[in-house]
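**Q** Below are the sequence and a predicted model; questions follow.
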Number of protein chains: 2
Amino acid sequence: MTDFVAVNEVGPRDGLQNQRVAVDLAGKLRLIDALVDAGLRSIEATSFVSPKAVPQMADADVLFPRLPARSTVAYSALVPNARGLERAAAAGVGEVALVLSATETMNRKNINLGLDQAVDVCVETLKSARALGIRTKAYLAVAFECPFEGPTPAERVMALGERMLEAGAGEIVVADTIGAAAPSAVAALFRRCMAAWRGTPVSAHFHDTRAMAIANAWAALEQGVRKFDASIGGLGGCPFAPGAAGNLATEDLVLMLEQCGYHTGVDVGRLRRAAAIAGELVGHPVGGRSSAWLAAQERRAAG
Amino acid sequence: MTDFVAVNEVGPRDGLQNQRVAVDLAGKLRLIDALVDAGLRSIEATSFVSPKAVPQMADADVLFPRLPARSTVAYSALVPNARGLERAAAAGVGEVALVLSATETMNRKNINLGLDQAVDVCVETLKSARALGIRTKAYLAVAFECPFEGPTPAERVMALGERMLEAGAGEIVVADTIGAAAPSAVAALFRRCMAAWRGTPVSAHFHDTRAMAIANAWAALEQGVRKFDASIGGLGGCPFAPGAAGNLATEDLVLMLEQCGYHTGVDVGRLRRAAAIAGELVGHPVGGRSSAWLAAQERRAAG
């Protein structure tokens, strides 16, 4: 199965946390149920952050135990620190994601810590998670460009990745958090990552701000990346990127992967149903760039 | 200047011919003026086809002599046959484009000729153009997939390209006319084309139906393609592709190329002005996928 590509759905977390409306617990469970039904096997369900900072995720502790249980589906949750990890462990989370921004200013603006302190928090939390038997992955955020500092040096991204691996991270996610990367930079950085971290799963997280997310996904795929984050209907965004479109849409990614001959196990038609639910929940229609075409296909199939 | 990538603007032809409204002569000249002002140096201005079949292009004979004269801008026009070539020559056209669909059925539906007959018409017209000292290029349409016959065999595309080159075509344009290609297929076909036709300019024409146009452009670029068709604001479409989005938008292409370190000579801000004019002319807003972000950048720059 070398031609399998894993899709990690981040809509319930990265998507919903950027919405004005706070979707309620029943709504989130309905969306996640539809995502599972579409064949997604890896879902970032929520985030154990401060309910004051991110009220949209305040129900993490009650959400996690109610997720639709499937032996084939692995759920993860974001945790910012030891306190979040503690809550996640209590809720029964099997895999946690840590986010380390690769620049000083992004860390200060985002979590009010310097880069070195942020590294320490991640290292500590990764070690604690490991001690608890919880799987881990580390995001390297603003890995290509920072909205405050401009282009991120690749050297630093590599060094931070090394630190996370030394601390026990089971996977590295290289993230274009603000959607500023072009495929040339994506190819160059992932070439280095894939060479340096051969034994470790390396995945890619793209935003579509400059309409290059799908090109970036292809560029990463060509470097051997076989796991991608995506968000149903393209839900998402970044508070620090004005005019930002959302994440790479799951529909668009799956459509491209399947058409390129990779298996994802995900059904695009069912993803469309999940996108419709997401649109209901957030109060406006959502959908990937390929929505108009997918809708036309459905109409045609319906006769 | 190995890092220059040429952008051939096809909005005035491929874009406008698919619109419900027929834009008048003054409107077309205004749009083309804005495109020239944005730095485009290669523009497909019109098409010398039957005014009955394509009323939007009925003014080709009067349009061409009135195009804004610039020593740096090369205009081309599409001609379907000897009659079109005759009109184009009379109007002073310096470069003509012939379109050869790569499948039997597409030719029958589109021009009511079989593939062999279509080849003959193209060969004859290319030879006549050459005898008149007019530069030529040959489009290989539905080069990846035909809406009637499914996937197009690469062997046939290569063979048809050879025929066009033997007949004197100065350039081959490999076209995903209905926007059905994925980057894997794009990489594979252009790899062959670039190897087989080393001495000849080979360019790429993509539609964004399945939201992969920009990924396809990157895939072609990686195979060494250094000339791309694009349409201002993504204007375009194909009558045989339900739900089809338009052509690859010039703004999106230029944004990616420049960000990848290639020079295009085209100014994205001015392209936005041309897109605004195109929107006025066709009666609805048009713009590439990156429009929201570009607009936010402009607002920020304006203070």
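**A** Right, received. Where do you want to start?
**Q** So which bits of the stretch 151-300 of chain A are right by chain B?
**A** Contact residues, the stretch 151-300 of chain A versus chain B (CB under 8 Å from any CB of the partner chain): A:179, A:182-185, A:208-212, A:214-215, A:217-219, A:222, A:242-245, A:252, A:255-256, A:259-261, A:288-290, A:292-297, A:299-300. No exception for glycine: its C-beta is placed from N, CA and C like everyone else's.
**Q** ok, now how distant is residue A:160 from chain B?
**A** Separation of residue A:160 from chain B (CB to the nearest CB, to the nearest Å) stands at 24 Å.
**Q** Give me the neighbour count for that residue.
**A** 23 (other CB atoms under 10 Å in any protein chain shown).
**Q** swap in residue A:44?
**A** Based on other CB under 10 Å, the number of other residues close to residue A:44 is 22.
**Q** where does residue A:198 land in three-state SS?
**A** Three-state assignment for residue A:198 (DSSP: H, G, I helix; E, B strand; the rest coil): coil.
**Q** Where does pLDDT dip in the stretch 1-150 of chain A?
**A** Counting by pLDDT under 70, the stretch 1-150 of chain A contains low-confidence ranges at A:1-2.
**Q** In it, what residue spans correspond to helices?
**A** Assigned by DSSP state H, counting those that start in this stretch, the stretch 1-150 of chain A shows helices spanning A:25-37, A:60-63, A:82-91, A:104-111, A:115-131.
**Q** related to what we said a few turns ago, now the residues of the stretch 151-300 of chain A next to chain B: which count as buried?
**A** A:179, A:182-185, A:208-212, A:214-215, A:217-219, A:222, A:242-245, A:252, A:255-256, A:259-260, A:288-290, A:292-294, A:297 (16 or more other CB atoms under 10 Å in any protein chain shown).
**Q** In helices, which of those residues fall?
**A** Secondary structure from DSSP state H places A:183-185, A:214-215, A:217-219, A:222, A:252, A:255-256, A:259, A:292-294, A:297 of those in helices.
**Q** Low-confidence ranges, the stretch 201-303 of chain A, go.
**A** Within the stretch 201-303 of chain A, the stretches with pLDDT under 70 are A:238-244.
**Q** ok, now with 90
**A** Scanning the stretch 201-303 of chain A for pLDDT under 90 picks out A:236-246, A:284-285, A:292, A:296-297, A:300, A:303.
**Q** what about the strands in it?
**A** Assigned by DSSP state E, counting those that start in this stretch, the stretch 201-303 of chain A shows strands spanning A:202-206, A:227-230.
**Q** Spatially, what comes nearest to residue A:149 if we skip its sequence neighbours?
**A** residue A:103 (4.6 Å; CB to CB, 6 or more residues apart in numbering or on different chains).
**Q** Compute the number of surrounding residues for the closest residue to residue A:89 other than its chain neighbours.
**A** Spatial nearest neighbour of residue A:89, excluding adjacent residues (CB to CB, 6+ apart): residue A:132 at 5.4 Å. Using other CB under 10 Å, residue A:132 has 14 neighbouring residues.
**Q** quick one: residue A:132 from residue A:85, how far?
**A** Using CB to CB, to the nearest Å, we find residue A:132 at a distance of 8 Å from residue A:85.
**Q** With residue A:180 instead?
**A** Counting by CB to CB - residue A:180 and residue A:85 are separated by 30 Å.
**Q** pretty sure residue A:149 contacts residue A:107?
**A** No - the criterion here is CB atoms under 8 Å, and residue A:149 misses it with residue A:107 at 10.6 Å.
**Q** Look up which residues are beta-bridged to residue A:7.
**A** Listed by DSSP bridges, the beta-bridge partners for residue A:7 are residue A:228.
**Q** How about the contacts made by it?
**A** Neighbour list for residue A:7: A:40, A:41, A:42, A:227, A:228, A:230, A:250, A:253, A:254, A:257, A:264, A:266 [criterion: CB atoms under 8 Å, 6 or more residues apart in numbering or on different chains].
**Q** Can you report how many residues lie near residue A:28?
**A** Residues near residue A:28, counting by other CB under 10 Å: 24.
**Q** how close does it get to residue A:67?
**A** For residue A:28, the distance to residue A:67 - CB to CB - is 9 Å.
**Q** Equivalent analysis for residue A:61, please.
**A** From residue A:61 over to residue A:67 (counting by CB to CB), the distance is 12 Å.
**Q** Neighbour count for the two, which is higher?
**A** Remark: of residue A:61 and residue A:67, residue A:67 carries more neighbours, 22 against 14, as counted by other CB under 10 Å.
**Q** So the more buried one versus residue A:73, what's the distance?
**A** 8 Å.
**Q** Let me know whether residue A:14 touches residue A:231 as I believe.
**A** Yes - under the criterion of CB under 8 Å, residue A:14 makes contact with residue A:231 at 5.9 Å.
**Q** what helix or strand does residue A:160 sit in?
**A** Element membership for residue A:160, per DSSP states H and E: helix A:154-166.
**Q** who does whichever helix or strand comes after that helix pair up with?
**A** The element immediately downstream of helix A:154-166 (helix or strand, assigned by DSSP H and E) is strand A:172-176. Strand pairing for strand A:172-176, determined by DSSP bridges: strand A:135-141 (parallel), strand A:202-206 (parallel).
**Q** Export the longest one to PDB, keeping only CA atoms.
**A** Read that as strand A:135-141. In PDB, the C-alpha atoms belonging to strand A:135-141 read as follows (Å, rounded to 0.1, in the frame of the first residue of the first chain):
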ATOM      1  CA  ARG A 135       1.100   9.500  21.100                       C
ATOM      2  CA  THR A 136       2.400  12.900  20.000                       C
ATOM      3  CA  LYS A 137       3.000  15.100  17.100                       C
ATOM      4  CA  ALA A 138       4.600  18.500  16.900                       C
ATOM      5  CA  TYR A 139       3.500  21.200  14.500                       C
ATOM      6  CA  LEU A 140       6.100  23.600  13.300                       C
ATOM      7  CA  ALA A 141       3.900  26.700  12.600                       C
END
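**Q** Tell me how far that strand lies from the chain's centre.
**A** 10 Å (CA atoms, centre = their mean, to the nearest Å).
**Q** And for stretch A:260-275?
**A** That offset, for stretch A:260-275, works out to 17 Å (CA atoms, centre = their mean).
**Q** what's the straight distance from one end of that stretch to the other?
**A** For stretch A:260-275, the first-to-last residue distance is 23 Å (CA to CA, to the nearest Å).
**Q** List the contacts of it.
**A** Contacts to stretch A:260-275, defined as CB under 8 Å, 6+ apart, come from residues A:1, A:3-7, A:31, A:34-35, A:37-41, A:218, A:221, A:232-233, A:250-251, A:254-255, A:257-258, A:286-288, A:291, A:294-295, A:298, B:182-185.
**Q** And these, which of them are buried?
**A** A:5-7, A:31, A:34-35, A:38-41, A:218, A:221, A:232-233, A:250-251, A:254-255, A:257-258, A:286-288, A:291, A:294, B:182-185.
**Q** Pick out the residue of the stretch 1-150 of chain A closest to chain B.
**A** Using CB to the nearest CB, the closest approach of the stretch 1-150 of chain A to chain B is made by residue A:145 at 10.2 Å.
**Q** For burial, what's the neighbour tally of that residue?
**A** 21.
**Q** Does it have any beta-bridge partners, and if so which?
**A** According to DSSP bridges, the partner residues bridging residue A:145 are residue A:151.
**Q** That one contacts residue A:151, correct?
**A** Yes - here residue A:145 reaches residue A:151: they are 5.3 Å apart, a contact under CB under 8 Å.
**Q** Wait, residue A:204 touches residue A:217, no?
**A** Yes - counting by CB under 8 Å, residue A:204 does reach residue A:217; the two are 6.8 Å apart.
**Q** Return every residue with contacts to both of these two.
**A** In contact with both residue A:204 and residue A:217: residue A:228, using CB under 8 Å, 6+ apart.
**Q** burial count for residue A:116?
**A** Count around residue A:116 with other CB under 10 Å applied: 10.
**Q** swap in the one 5 residues further on?
**A** Residues near residue A:121, counting by other CB under 10 Å, number 18.
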